[in-house]
Structure formats: C-alpha cells, structure tokens
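In: sequence and predicted structure below; questions after.
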Amino acid sequence: ILAGVQARAVQTPPGQWVLGEGYDESRLREGRPPTLEELDAASPEHPVLLVQYSYHEAVVNTRAHQAVDLPLRRPNPPGGEIGFDGSGQPTGHMVENAVAPFYTRAVQEAVTRDEDGYMGHLARYQDRLFAAGLTRVYDAAVSPLMEATLGRAVELGVLRIPVLMMMASSDGMFMPPRDRLDGARTGEGDDPLRTGPLKLFIDGGERAAMALPLGFIARSSLAAIGRMFRRGGRAALRASGGMVGQLDKSDWRYHSGILFYTETEARELVDAAVARGLSMAVHAEGNEGIERALAVLPRSPEQRAPGVGPHRIEHFFFPGPDAIGRSAEAGIATAVQPMIVEWVGDRMLAVGMIGRWHFTPIRSMLDAGLTVAGSSDAPVVDFDPLRGIRAAVQRRAASGRPLEDGEQVTIGEALEMYTVHGARSG
C-alpha cells in the first residue's frame, strides 16, 4: 500500500490529493492500516486519503488535516471515532463521521479539477457494469455535488445505464440528510437519472450497532477459546474479543458499535421525508440498528408516500428474533449482499455467530414473504450478479466452509432476488 502511495505521489502535482480505496486490515500482514506517520513519509507533499473496503473507515496523513483545516488532536465528532495509539499519538485512522471532512473535500477537488478524467472513469466503470449484464443500478449515497456531476454526465452522453440515486447529505454520506428534504421526491426524473429514496445511516459498518445477551457473549468467548486451542491460532479469540462492548445492566446486554441517531432524531427525519413524498433506504446492519430502523419506519404499507415503492432496509445482517416478521407486516423490503456473507463468513464462524444468531437469513426472509433484493454494495464486493447468485445458493465462507445454517436458497429464488425483487424494491 505504501509503495502504491509513493508511486502515485510521484505522478501527482504537490498539494493535490492522493486517493486510494479498498484496503482490508484483516488481510494485511501487520493486521492494521498504514499510520499517519507512515503516510507522511510516503507522501510528504500531498494530502492522502485511503478509504477502507467498507467505505466506513479511512486513514489520512498530516497534509490531509491541513487541507481540511483540522488539528491532529480533536474530540471525536458525533457518530465518529478518531484513532490514537497507546501513547496518545494520532494514528490517522478515521471511523464513520470522522471520515466526512476528508472524503467530501477530496472528492470535490478531484471531480472539479479533472472533469474529463472523472467522466472517463465513469465510462469505463459503466462498461464493466454492462459487461456483467446489469441494466439498472442504485447509487447508494449521492451528495448534491455527485448528483450534479451525474447530471453533467447525462448532458455529455456519458451516462447510459439507468441510475436510481439514494440521496445523501452534502456534509458526508453518514451525516443527517436534512439538506435533501426539500429536493425532488422519489421517482422524479427521467432515465438514465432518477431520484430514489432518502438514504439514512442508522448504524456503522464494522461498527454495526449490536446488542448481545450476556450469555451469548460468554458462550462465544468460550467457543472461540476452544477453537484457538484446537487449531493452534488466536484469530477466533481476537474476533470474539472485538464483539464485546459495554454491559447495560438495565437489559443485561452488551452494546457495541455506533448508532447515529436517537429514536426521536431518526423518527423526525423519517416523518419529514415521508411527508415530502420520499421513500427511505435505511442502512441498518446490527440487531440494535435494525430495531431502531423498525421503530421509526412506517408500520404499514399504507403509511408510505403515495406512488412510491417500499421503504428499504439495507444489509439487514443481524436481525433480532421478531425483526423479519415486523418487516413483512410493514411491507419493508430488504437489500442483501450474499457476497458479503461469503467475504466475512469465516469471521462469523470464528466467533460462533453462525447457528447462534441470524446472519443475513435470506431463506427466513423469503419464507416470511419479504421482498429481498439481491445486491452487491459495490465496490465493497464484486458487483457481478452471477457471483452473488452463487453465494446465495451455496452459502459458503471464502475458505469454502459451508455455513450450514439452513439459510441457502434455490437457484430460481436467487435469480428472482436479482431481477423481480430488485425491481419491486425500488
């Protein structure tokens, strides 16, 4: 990674951003992303932003802080975390809303400085989408700047694949999208660019909001210790330890991860959006995040804005015991990513989640009558729908180990997820 940063810095005029995406620290020898100090050494004359594969975390250097006029040491922003090492030195690691000022500035400068370069990148990516057989896509978080840029791509004849835009804040994709409430309503526009739902991030990515019973934590830790001794490695124990948060004695559950909104704050945003003719696409991964999403979304199909599709919950990784039934009763659609199940399956097996907790339970969702749209969340994982269909049918981790949780689907059902259910959900 550092060699790549150095190489790009040589090709980039001083002061311009060096951008990269897709690192996964769990697959690096060091077990961590590059540090601020390492990035400073690799690119002392450029602001550097490297975005993690999930897009919920990033690392930056000193020049990046200077570019956005932020000090190296500052309190955590609401809904974000700033990394410091054991000696109190900043690591450059940013989580969730702490990424926002760097990402918005870097993207703004990149797009406005080199429109031709961006349009060329968009055209090449679009060709790959067409080659994979895709005929329509969701863009999962479109800021006003990117909406204008995509509109410009339509004017230039570059954008040909129909895009449904999930509307996100100009302040950052995880920030409250209040500035999008008075814009176009869901469904407005003409192909290839239409207004989709308002995007609301309820919880984090790898900081998904989980609330786990004390007994579950104890059993998972003991199981991980057993696997460590049987297999001679500490990966299972490290993964199990990463699940533990703070014990709330009022419900005797461990709460971990990030919730961006109180229930009142989220409900106010949802109610305002529905009143203005917008549907909602709510990012909720952990069981506590899903609980909050269900608490604030309309509880019946009749309560959504006239003429728009169902509200959606994106990801729906760890639904609680009654979440699937409540979603079905409310007419809520889910968007799931079978390739992510494959990607993180080994980690879920290591911590004992599989078999003890629902993890993207596609079979159960379909059996309950939910509209379940197959998706990729690209660039998190490959957007090839055939790979997603295979992952939904085989239900295996990346190592090839079967999850054996009974949540696999048939080929026909998987095809419907990526076609009929995708159309119904938006």
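Out: Here it is on my side, so go on. Residues are numbered from 1 along each chain as shown.

In: would you mark the buried spots in stretch 400-412?
Out: Neighbour-count burial for stretch 400-412, counted by 16 or more other Cβ atoms under 10 Å, picks out Leu403, Asp405, Glu407, Gln408, Val409. For the C-beta atoms, the positions are set from N, CA and C on the backbone; glycine is no exception.

In: from the residues you listed, pick the one nearest Thr264.
Out: Glu407 (34.1 Å; Cβ to Cβ).

In: you'd agree Arg276 is up against Arg178?
Out: No - under the criterion of Cβ atoms under 8 Å, Arg276 is not in contact with Arg178, lying 11.4 Å apart.

In: pull the residues that contact the helix or strand harbouring Ala373.
Out: Assigned by DSSP states H and E, Ala373 belongs to strand 372-374. The contact list for strand 372-374, computed with Cβ atoms under 8 Å, 6 or more residues apart in numbering, reads 312, 333-338, 362, 365-366, 385, 388-389, 392, 414, 417-418, 421-422, 424-426.

In: where are the low-confidence patches of the protein?
Out: 218-244 (pLDDT under 70).

In: if we can go back for a sec, buried ones in the helix or strand following the strand holding Ala373?
Out: Toward the C-terminus, strand 372-374 is succeeded by helix 385-394 as the next helix or strand (DSSP H and E). For helix 385-394, burial by neighbour count (16+ other Cβ under 10 Å) applies to Pro385, Arg387, Gly388, Ile389, Arg390, Ala391, Ala392, Val393.

In: pick the one among those closest to Gly157.
Out: When the buried residues of helix 385-394 are compared against Gly157 (criterion: Cβ to Cβ), the nearest one is Pro385, at 26.1 Å.

In: wait, what's in contact with that closest one?
Out: Pro385 neighbours (Cβ under 8 Å, 6+ apart): Ala132, Gly133, Leu134, Gly374, Ser376, Tyr418.

In: among these, which one has the most neighbours?
Out: Highest neighbour count within the contacts of Pro385, by other Cβ atoms under 10 Å: Gly374, with 26 neighbours.

In: distance of that residue relative to Leu181?
Out: According to Cβ to Cβ, to the nearest Å, Gly374 stands 30 Å off from Leu181.

In: kindly report the same for Pro301.
Out: 22 Å.

In: so which of the two has more stuff around it?
Out: Leu181 (15 against 12).

In: can you pull the contacts of that one?
Out: The neighbourhood of Leu181, defined by Cβ under 8 Å, 6+ apart, consists of Leu198, Ala272, Ala273, Arg276, Leu278.

In: for those, give me CSV that also has distance to Ile290, neighbour count and secondary structure.
Out: Shown next, in CSV, are the contacts of Leu181 (distance: Cβ to Cβ, whole Å; neighbours: other Cβ atoms under 10 Å; DSSP: H, G, I helix; E, B strand; the rest coil):
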residue, distance to Ile290, neighbour count, secondary structure
Leu198, 18, 28, strand
Ala272, 22, 14, helix
Ala273, 19, 24, helix
Arg276, 25, 16, coil
Leu278, 21, 27, coil
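
In: quick one: which of those residues is nearest Gly83?
Out: After measuring these against Gly83 - Cβ to Cβ - the closest member comes out as Leu198, at 30.4 Å.

In: doesn't Arg178 make contact with the closest one?
Out: No - applying Cβ under 8 Å as the test, Leu198 and Arg178 come out as separate, 9.9 Å apart.

In: now do the shared contacts for these two.
Out: When contacts are counted by Cβ under 8 Å, 6+ apart, Leu198 and Arg178 are jointly contacted by Leu269.

In: from His65, how far off is Asp85?
Out: For Asp85, the distance to His65 equals 16 Å [Cβ to Cβ].

In: no no, Pro34
Out: The gap separating Pro34 from His65 is 15 Å, by Cβ to Cβ.

In: ok, now Leu370?
Out: Here Leu370 is placed at a distance of 44 Å from His65 (Cβ to Cβ).

In: between those two, which has more neighbouring residues?
Out: Higher neighbour count among Leu370 and His65: Leu370, with 24 against 20, using other Cβ under 10 Å.

In: and stretch 64-72, which residues are buried?
Out: Within stretch 64-72, the residues that count as buried by 16+ other Cβ under 10 Å are Ala64, His65, Ala67, Val68, Leu70.

In: isn't there a strand covering Tyr138?
Out: Yes - secondary structure of Tyr138 (DSSP: H, G, I helix; E, B strand; the rest coil): part of a strand.

In: distance from stretch 72-88 to the middle of the chain?
Out: 21 Å (Cα atoms, centre = their mean, to the nearest Å).

In: then stretch 401-410?
Out: Between the centre of stretch 401-410 and the centre of its chain there are 23 Å (Cα atoms, centre = their mean).

In: who's in contact with it?
Out: The contact list for stretch 401-410, computed with Cβ under 8 Å, 6+ apart, reads 341, 345-346, 348-349, 354-355, 358-364, 366, 392-397, 417.

In: redo that, cut-off 10 Å
Out: 338, 341-342, 345-346, 348-349, 353-367, 372, 374, 389, 391-397, 414-417 (Cβ atoms under 10 Å, 6 or more residues apart in numbering).

In: ranges for the helices of the stretch 101-250 of the chain?
Out: Taking DSSP state H, counting those that start in this stretch as the test, the helices found in the stretch 101-250 of the chain are 115-131, 144-155, 214-231, 235-241.

In: A helix includes Val59, no?
Out: No - counting by three-state DSSP, Val59 is not found in a helix; it is strand.

In: next, work out how far apart it and Thr91 are.
Out: Between Val59 and Thr91 the computed distance is 8 Å (Cβ to Cβ).

In: higher neighbour count, those two?
Out: More crowded of Val59 and Thr91, by other Cβ under 10 Å: Val59, with 28 against 18.

In: having no further points to raise, I will conclude here.
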